[in-house]
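Peer 1: Just need the structure, nothing else, for what follows:
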Amino acid sequence: MKYFVLLLYFLGLICNKVAVAQVSALGNSTKVYYLVLTVEASILNCAENVLQTFNMDNPVKVTNPQVTTVCNTTSGNCRCRPGNTWSDEVSQQHHECCNQESCLFANSTFNNWKPMCLPKTRVTVNGVFTTTSEVYSSNLQDATSQRYTDLTTKYLPLLKQVYSTLRYFDNLIITGFSAGSVNINFQMSINTNISAEDLASCSVFLQSQNNAVISLVTTGLVTIHVPQGPVPYHSKQTIYCTTLEDMKPSKLILTNTGNFDITTGTEANVTNTTRMITVDLKKTSELWAGMYTCVFNPLSSNVTIENKASANLVIALLPPTIDISSSPQFPDCRGSASVVPVTVQCIITNSTEKYIVAWTGNNTEKLNQPQNNSASNTITYNIYISVLCDQSTPPSETCTFTNSLNQSRYATVNIPVIYKNSMFCAADSAWPIAKAGFTAKQICTNGIGYRERQCSVDGIWSTEISNCVNPDLNNLLSLSMNVGSGLGYFSSNAQQVFLGLITSTSNSESINTYANLNASVSILSNVNDASSQASFIMNVTQLQLALNSSSNLLYNTLQSSWTSVNPNTPRVNNMSIAERYLSTVEGLVEQSQVNGSTFSYPNIQMGSCQPNGAVCENQVFNVTVSMSTESNNWVKTTGFQNLNYYLNQSADQVPNSIVVSTTTGNGSTTGNGSVSINFKLISTRPRNHEMVCVFWDFMRNKWSSNGCTWGGANDENNCYCNHLSSFTILVSKTATVLPFLDEITYVGIGVSIVSLFICLVIECLVWSSVVKSNVSYCRHTAHINICLCLLIADCSFLASSFPQKINNWCKICVVLMHFCYMAMFFWMLCLSIMILHQMIFLFHQISKKVCLGLSFFIGYICPLVIVFVTFISFNYGQEKIYFDPDTCWLIYAGLFQGSIFAFILPVGTIVIINVFCMIVVIMRLLRPSIENHSKDEKEVAKGILKAVVLLTPIFGGTWILGFFVLVVDLTVQPIAQIVNYGFTLLNAFQGFFILLTTYMGERTVRVALLAYLKKKNSQSTLGESSTKMSSSLKKK
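Peer 2: Below you'll find the model as predicted:
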C-alpha cells in the first residue's frame, strides 16, 4: 500500500498570563508548530481539504494549518507545495535540490528526519541586544560555561516574550555573546512576512524596558530580482529590490573585490521609491559581477533595522585587453636554417571565467600550458610555431578567447621575418636584431607597458622610447577610470585615488619619465571628467588632496618628463600633457566648494574670496588677483609654479611669470566683471622689450591676448582682463622695433654724408673770402672739424649697420664712432664758448694761436682721453662688456651702468653748456628791443627764431631728444614714437641741417659762395668769348 507523508505547520495562539501588562498590550504570544502526517494515497486530497478548514479554540487557539511538503514514502520523492522552498538544512545536505520543486531522497532518510520545505515568505532576523547592566567576561565565549548558561536563561525568555507577539513567530535562539558592555547576539525566524513597523515597535519596547540598545538585520522582508545565469558581456541589465510596505530605501551594495555602494554614475543609474530600488546597468563587465545586497530601513524607528536581500549576478566575462607578442619579434632567416622556432604569447588579466582559447595561424603549432602570474595578476597563454624561411608571406598568429555564452575577443600579431636580402638594425645592447621599417618592442621589467625603439628603413636605430608605467600608478589609473562609474560614491572613490596619487608621486625620482607623468595627469583628468559628467561637487578635503597630488607633478626635477622623446606621441583631445594638466586642475577647482578656504603646497597655491558687489582679492605666490563683479559667486585663484615653461612656447616671447588660473563658482565667464592681476615677474623686463598679458586659449592651443591689456612700462607688473581664464605675462625676446626707423636712419645718414662733404668743399671755396679775423678763423676752423668728425662718424655708423657682415671690424667701428662723435661735440663746445666770449667781451679779440691751441686740445685730446680710459676700464674693449656685437655700439646695462654712459655724460654736459650759450645769444638779441620800444616785436621774434634755427644743428641741440630716447621706453606709446622718430629725423639729417643753417643760412658764406660761382662763370664766359674771337680771326 502506498503512503504519503504530509509535513505541515500551524499557528498556536497562547495568552501571556505571566507577561506584564505592557507586553500584553503588544498582543498574545504565538508559536508555529510543525506536524508530520502519514496518510494513504487514496485519501491524500481529502486529508488536505480537511486541514485547510481545521481550527481549534481550546485549550489554545490553532489556526491556518499550511501543508508545505508532500513525500511519497515508497519512491522517496518529495515536492514542495507552491509558495514554499527547501529548508537550509536540505539545501546544505542535498545541493541538487536547490531551486528545484521536487527532489528524490533515499527511503532510509525518512527514518531519521523528514526533508521539509518552508515558506518562501519566511523571515530571518539576526539581532544584537546590547545591555549595560552586565559586565563582559571571557568565559562568555565558552558555550558550556555557567555564565553563558545563566545569561542565556535570563535573556532568552525576555526576548521571546516580546518577539513572540509577532504573528507566525517560529523560533528565537541566542547565538553568542560579544564585548561592548555585553552584546547578546540572537537569531529569530518568522514563517511569513511581517510588518517592519511591528518589528520596530517590539524592539523599541524592549529597549525602553531594559535600558538596552537593539540593532536588527532581516532577510525575507525585501525581495531582490537579479537576472538568472550568466549574462552577456557588455550588455544592459536591470536589478531591482521590492518590499510589501513603504520603507526608506537605504542602499544597494555590490560585493566582489570589496563592498561598494551602487550610485548613479557613467555605467549605472539608480532610482528609489519607498517600495523599490532599481539599478540599470548600462554595460556589464567584470566590474559589476558579484553579490548584490539591497537594504531598506523602516520609515520611522528609534531602532537600527536593516532589511536586506542578496543575490549573485554572474557575467560571462571577456578579457578587457589582450597583449600579444612573439619571441623573437623578428625571426632571423639569414642563416642556413630553413625553420626558425618562435613563441607567441597572449597575456590577459586573471579571471574567474573559463575561457576556450583558440589559436589560428598558417604554421606548425604546439600549445603550452597557461601560466598564472600572481604578482601581476595575469595569465599567459603560449604557443610554439615554426616560421618557414622559404615563405614569402610573413606569418601571423591570432589568439581568440571565447566565454560561456560564445562571445569572443581576439588579438593578432604579425611576425616580420628578416630574410637574406632584408635591411635590418644590428643588435645593440639589450635590443636584438630588428627588421628595417619596424618598431621593436620589449615588455617593461619594472613597470607596466612596453619599451619601443624604431628601426628606420635605412637600418638605423632611433632613440629608445619608454612607455613603462609604475605598477602603483597603473593601478590608480585603472581605479580612476571607474571613479564615477557608479560603483561606490564618487567622493570616497576620488579621495582614495588622490591619496594613492600623493603616495605614488611623493618621490620625484621614481616618476621622472614621460610615461609616469602622463599616467599621473590622466589619473587627475579621469577624476575631473567623472566629476564634470555627473556634476559632483568636491568638498574641501577632496580638493586639498587633489591640489597636493597635483603639486607633486610640478617640481623642477620633473622638467624633462613633460615632453615626450617621441615627436609622434598622440595628443589626448588635441592637447599636450601640460594643457591637460592645466585644464584638469582648473576643472577640479571649479567643481569644488571652497567657502573662503586657502591652500598652500610647494608648487600650487589656491585662494578664494567672495565679492558681494565689491572688489575681492586673492594672493598666490605673491601674485595678487583682484576681481570686481556684482556676482556673489566665490572667486577661486590657483597659482602654478613652473607650468609656464611646459605650455607651448611662442617663438618671439617667453613667460615672465607663473601661470595663474581664476574661476568662479559657475565656471569661467566673459564680460561679467573685470580682473586685474599684479604679477611678480620672474626677471626684470629688459628695456624696450614689450610685455603681453595673455591667457591660455584651449581652442587654439596657444597663448592669446584677446580681452587682456598690459599696464605698460610704468605699470609693468599689472594685467587687466575682462574675462576669467589661466593667465600669465610674456616678455618679448627682442626689443620693440619702430617701423621704418632704420630706413629713415640710413637715408638720413646718407644724405648727411653727402651734405657734410659739400660743407667741406664750400669751406675750401670760400675760406679766403670769409676768414677776415681771428674770430672768423677760429669759428670756421671749428666748422670744418665738426663736419669732418661727423662725416667720419656717420661713415662708421653706416659701416656698422650690418654687424654680421663686419664681425671682425665691429670693435674698430665702435671705437671710431665713440671718438668721432665725442670729438664733434667737443668742437661744438669750442664753438659755443667762442660765440659766448664774443657776445660778452665785445672789444676783446682772442689770438689765433691761443684759439687753435685750446680748440684742438678740447676738440681731440679730451675725447681721446675719455675713449681711451673707457676702453681700458671695460676690459680692454671686450665684446659684450665694452660693446654689443649685435648692434656695434656701446652697451646700456641700466641706470648709470654700461659703457654708453662714457658717451652720454660728456655729451649731456656739452649740450647743456651749448644750450646755455644759445640762451645768452637770445638774451643779447632781446636787449635792443627792450631799449628801443618802437622796434617791431615781429622782427625781434624773427631774429630769435633765426638764431635758434641757425645755432641748434651746429651746437648739437637736436641731441637733447637723445636723453628722452633713453628715458622713454619704446613700449610707451605714442610718446616713444614721437621722441624716437623726432630724434632720428633731426640727427640722422644733422649734416644736411648743418649745410642749410651754417653754410646756406649764413649770409657771408652765401655771398662769398655766390661771388665765387659768378667769378667762375664770368671766367668761363670770358674764356669762351676769347676762343670764339680767335677762331674768327683765323678764318679771316
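
Peer 1: in the stretch 101-250 of the chain, what spans have low per-residue confidence?
Peer 2: 108-112 (pLDDT under 70).

Peer 1: ranges for the strands of it?
Peer 2: 102-104, 117-119, 123-131, 169-179, 182-190, 212-219, 222-225, 230-231, 237-243, 248-255 (DSSP state E, counting those that start in this stretch).

Peer 1: of all these, which lies closest to Thr412?
Peer 2: The minimum distance between Thr412 and the strands of the stretch 101-250 of the chain falls on strand 230-231, with 26.8 Å, by CB to CB. Yep, even glycine has a C-beta here, placed from its N, CA and C like the rest.

Peer 1: least trustworthy helix or strand in this structure by mean pLDDT?
Peer 2: helix 21-26 (a mean of 46; mean pLDDT, DSSP states H and E).

Peer 1: The helix or strand just after that helix packs against which elements?
Peer 2: For helix 21-26, the succeeding helix or strand toward the C-terminus, using DSSP states H and E, is strand 29-40. Counting contacts by 3 or more CB pairs under 8 Å, 6 or more residues apart in numbering; DSSP states H and E, strand 29-40 is packed against strand 3-14, strand 169-179.

Peer 1: Need the phi and psi values for Gly290.
Peer 2: The phi/psi pair for Gly290 (degrees, to the nearest 10) reads phi 150, psi -170.

Peer 1: need the strands for the stretch 801-950 of the chain, in chain order.
Peer 2: 883-884, 889-890.

Peer 1: if I look at Arg685, how far off is Asp969?
Peer 2: To Asp969, Arg685 is 9 Å away according to CB to CB, to the nearest Å.

Peer 1: Same check on Cys810?
Peer 2: Distance from Cys810 to Asp969, by CB to CB: 26 Å.

Peer 1: cool, Phe916 as well?
Peer 2: 29 Å.

Peer 1: isn't Met291 right next to Gly258, touching?
Peer 2: No: taking CB atoms under 8 Å as the definition, Met291 is not a contact partner of Gly258, at 11.5 Å.

Peer 1: So which of the two has more stuff around it?
Peer 2: Neighbours per residue (other CB atoms under 10 Å) separate Met291 from Gly258, with Met291 holding more: 14 against 9.

Peer 1: any idea which helix or strand carries that one?
Peer 2: strand 290-297.

Peer 1: could you check the angle strand 212-219 makes with that strand?
Peer 2: Computed by axes from the mean of the first three to the mean of the last three CA atoms, to 10 degrees, the angle separating strand 290-297 from strand 212-219 equals 130 degrees.

Peer 1: ranges for the helices of the stretch 351-500 of the chain?
Peer 2: Assigned helices in the stretch 351-500 of the chain, in chain order: 471-481, 490-505 (criterion: DSSP state H, counting those that start in this stretch).

Peer 1: Return the list of helices and strands in contact with the first one.
Peer 2: Helix 471-481 is packed against helix 490-505, helix 514-534, with contacts defined by 3+ CB pairs under 8 Å, 6+ apart.

Peer 1: Buried by neighbour count: which residues of it qualify?
Peer 2: Buried residues in helix 471-481, counted by 16 or more other CB atoms under 10 Å: 472-474, 476-477, 479-481.

Peer 1: Closest one of these to Thr412?
Peer 2: Nearest to Thr412, judged by CB to CB, of these is Asn474 at 24.3 Å.

Peer 1: per-residue confidence for that closest one?
Peer 2: We have a pLDDT of 93 for Asn474.

Peer 1: Over to Lys441?
Peer 2: At Lys441, the model reports a pLDDT of 93.

Peer 1: Look up the closest residue to it, ignoring the ones flanking it.
Peer 2: For Lys441, ignoring the flanking residues on the chain, the nearest one in space by CB to CB, 6 or more residues apart in numbering is Tyr450 at 4.7 Å.

Peer 1: and that neighbour, what does it touch?
Peer 2: 441-444, 467-468 (CB atoms under 8 Å, 6 or more residues apart in numbering).

Peer 1: for Pro328, same thing?
Peer 2: Pro328 is in contact with 340, 342, 432, counting by CB under 8 Å, 6+ apart.

Peer 1: Next up, the contacts around the last one.
Peer 2: The reference is to Pro432. 328-330, 440.

Peer 1: Go through these and flag which are in strands.
Peer 2: Ala440 (DSSP state E).

Peer 1: Out of the contacts of Pro432, which two sit at the greatest distance?
Peer 2: Top of the distance list for these (CB to CB): Pro328 and Ala440, 10.0 Å.

Peer 1: re the thing from before, as TSV, the strands of the stretch 101-250 of the chain with mean neighbour count and distance to Ser491 would be great.
Peer 2: As requested, those are exported to TSV (neighbours: other CB atoms under 10 Å; distance: least, CB to CB, whole Å):
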stretch	mean neighbour count	distance to Ser491
strand 102-104	15	49
strand 117-119	23	42
strand 123-131	20	29
strand 169-179	17	32
strand 182-190	20	31
strand 212-219	20	26
strand 222-225	19	26
strand 230-231	18	30
strand 237-243	19	23
strand 248-255	18	15
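
Peer 1: who's in contact with stretch 354-374?
Peer 2: The contact list for stretch 354-374 (CB under 8 Å, 6+ apart) reads 319, 344, 346, 350, 378-388, 395-404.

Peer 1: end-to-end on that stretch?
Peer 2: End-to-end distance for stretch 354-374, by CA to CA, to the nearest Å: 17 Å.

Peer 1: list the buried ones in that stretch?
Peer 2: In stretch 354-374, counting by 16+ other CB under 10 Å, buried: 355, 359, 361, 363.

Peer 1: what does stretch 146-159 give?
Peer 2: 148, 151-152, 155, 158-159.

Peer 1: Which single one of the residues you listed is nearest to Val50?
Peer 2: Closest approach to Val50 among the buried residues of stretch 146-159 (CB to CB): Leu159, at 35.9 Å.

Peer 1: Relative to Ile904, how far out is the closest one?
Peer 2: Distance of Leu159 to Ile904, computed by CB to CB: 104 Å.

Peer 1: try Asn372
Peer 2: 83 Å.

Peer 1: on that earlier part again, possible to save the contacts of Pro328 as JSON lines with distance to Ile315?
Peer 2: Formatted as JSON lines, those follow (distance: CB to CB, whole Å):
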{"residue": "Val340", "distance to Ile315": "41"}
{"residue": "Val342", "distance to Ile315": "35"}
{"residue": "Pro432", "distance to Ile315": "41"}
